[in-house]
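J.: Using only what follows, build the 3D model:
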Amino acid sequence: MPTKEAPEILRLLSDPLRWQLVGELARSDRRVGELVNLVEKPQNLVSYHLSELRHSGVVCARRSSSDGRDVYYRADLIRCRELLADAGGALHPGLALVPAPGDHSRPLGSRARPRVLFLCTGNSARSQIAEALAESRSGGLVEARSAGSHPKPLHPNAVRVMAEHGIDIAARHTKSLGRFTRIRFDRVITLCDKVREICPEFPGSPATAHWSIADPAAAGASEEESYPAFQNVADEIEDRVTLLLGDIGIDARERSDCASC
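T.: Residues are numbered from 1 along each chain as shown. Sure thing, here's the model as predicted:
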């Protein structure tokens, strides 16, 4: 039987520049200009490779809610995982990708819990959803906080969508970004394009990342009209939180199972 043609994902990522671009976008959503500076290549070349990556579904784009002239690119890591798993299976059925195990060599109580801060404008939906998911899916191994540059009341749809995910946030309060500027965090993640532009520096120079996620409350005139947007946002944030926890060294699926035991 003749050997099958190599899967498209392998050809796509074998190019060093595309590999570098996906690697940068795996860490944080970026604009073209930022990628040009990071990879030190001409903008027309970077734009060409981004177009190829988008066509394959490995990279996606979203227009900035802060400046409509800007576009944020991100790596669809869930799609990458699926394509790479398929590529392994194409080579041999016995090959499969498995999540890297977390470091469980020490008792859970002896580890310092990583501190993660999630930021958006109102702290009424996106950052609250991220905070709740990081706490729950890590089984309490992550100390998550959230805040907004201009806090607003917690959105009822955020409460509703989190209830669908098995998490009650109805009693949570919104917080101001200024409340946390003197606290040390291991990671600071912005989920709003506007907040990213004004995000202050934090003590200890924590690792930073940007998740360009549109405000779901702007998707409809009423709570019912905007609710599907909240569902989509919660699903996207859950995927991103799962990947974040894997980067920290926590198996989100394992911990979420144990959290309810």
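J.: rest of the way, CA atoms for contacts and neighbours
T.: Noted.
J.: For Ala219, which non-adjacent residue is closest in space?
T.: Ser226 (5.0 Å; C-alpha to C-alpha, 6 or more residues apart in numbering).
J.: what's the spacing between whichever strand or helix holds that neighbour and its chain's center?
T.: Taking DSSP states H and E as the criterion, Ser226 maps to helix 223-248. Here helix 223-248 is found 8 Å from its chain centre; the criterion is C-alpha atoms, centre = their mean, to the nearest Å.
J.: average model confidence for that helix?
T.: Averaged across helix 223-248, pLDDT comes to 94.
J.: quick one: buried residues of stretch 200-208?
T.: The neighbour-count check on stretch 200-208 (16 or more other C-alpha atoms under 10 Å) flags Phe202, Pro206, Thr208 as buried.
J.: before we move on, what about stretch 218-228?
T.: Applying 16+ other C-alpha under 10 Å to stretch 218-228 flags Glu223, Ser226, Tyr227, Pro228 as buried.
J.: any chance of those residues in TSV, plus distance to Leu245?
T.: Supplementary listing: these in TSV, determined by distance: C-alpha to C-alpha, whole Å:
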residue	distance to Leu245
Glu223	31
Ser226	28
Tyr227	27
Pro228	26
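J.: Closest one of the buried residues of stretch 200-208 to Ala90?
T.: Nearest to Ala90 out of the buried residues of stretch 200-208 is Thr208 (C-alpha to C-alpha; 36.5 Å).
J.: just checking, that closest one touches Arg187?
T.: Yes - if you go by C-alpha atoms under 8 Å, Thr208 and Arg187 touch, sitting 5.6 Å apart.
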